[in-house]
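**Student:** structure for this input, please:
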Amino acid sequence: MFFKKRKRPEAPIIHTDDADFERCIGEHPGITVVDFWAPWCGPCRMMEPILQEIAVEQADAGVRVVKVNVDEAPKTSSDFGIRSIPTLLFFQDGEPLFEMVGMVPKPVLERELEQLLAAADGGD
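**Tutor:** Numbers count the residues shown, from 1 in each chain. The predicted structure follows:
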């Protein structure tokens, strides 16, 4: 008897641009991790599987991952002062909280999200 390996459900990473950024961020009550990236950026490509795992593993906690290609969204990138990529910008209820610049190891990202989620659950 053979068993098929069950795949984890995919939590979609949302891709947005200058036209939809405000709506995309503003409509989510919870934590949003915005990845400012570009396809030609090696460290950005290294972050891709980490962010996909975070999107799946943290979806039930209300965490959402959004990607912004800096080449296709120059206004949004400029509005947030993005000067280096990858840059992760953390939002809660549509408000920017803080950023992390450069390649971020998964355990560091998980720890930051854990602290944000704990604070959101009443640890203010």
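**Student:** for the spatially most central residue of the chain, which three-state class applies?
**Tutor:** Among the residues of the chain, the one closest to the centroid is V33, at 2.8 Å (CA atoms, centre = their mean). The three-state label given to V33 by DSSP: H, G, I helix; E, B strand; the rest coil is strand.
**Student:** ok, now L97?
**Tutor:** In the three-state summary, L97 is assigned as strand, counting by three-state DSSP.
**Student:** may I see the buried residues of the helix or strand bottoming out on mean pLDDT in the chain?
**Tutor:** Lowest mean confidence among the helices and strands of the chain (mean pLDDT, DSSP states H and E): helix 21-26, at a mean of 88. Buried residues in helix 21-26, defined by neighbour count with 16 or more other CB atoms under 10 Å: 21, 24-25. (Glycine included, C-beta is placed from N, CA and C.)
**Student:** swap in stretch 69-89?
**Tutor:** Those would be 69-70, 73, 76-77, 80, 82, 85-89, for stretch 69-89 by 16+ other CB under 10 Å.
**Student:** what number of residues lie near V65?
**Tutor:** Neighbourhood size, V65 [other CB atoms under 10 Å]: 23.
**Student:** can you tell me which residues contact it?
**Tutor:** Taking CB atoms under 8 Å, 6 or more residues apart in numbering, we find V65 in contact with 11, 13-14, 32-33, 35, 51-52, 54-55.
**Student:** change it to 7 Å
**Tutor:** Going by CB atoms under 7 Å, 6 or more residues apart in numbering, V65 touches 13, 33, 35, 51, 54-55.
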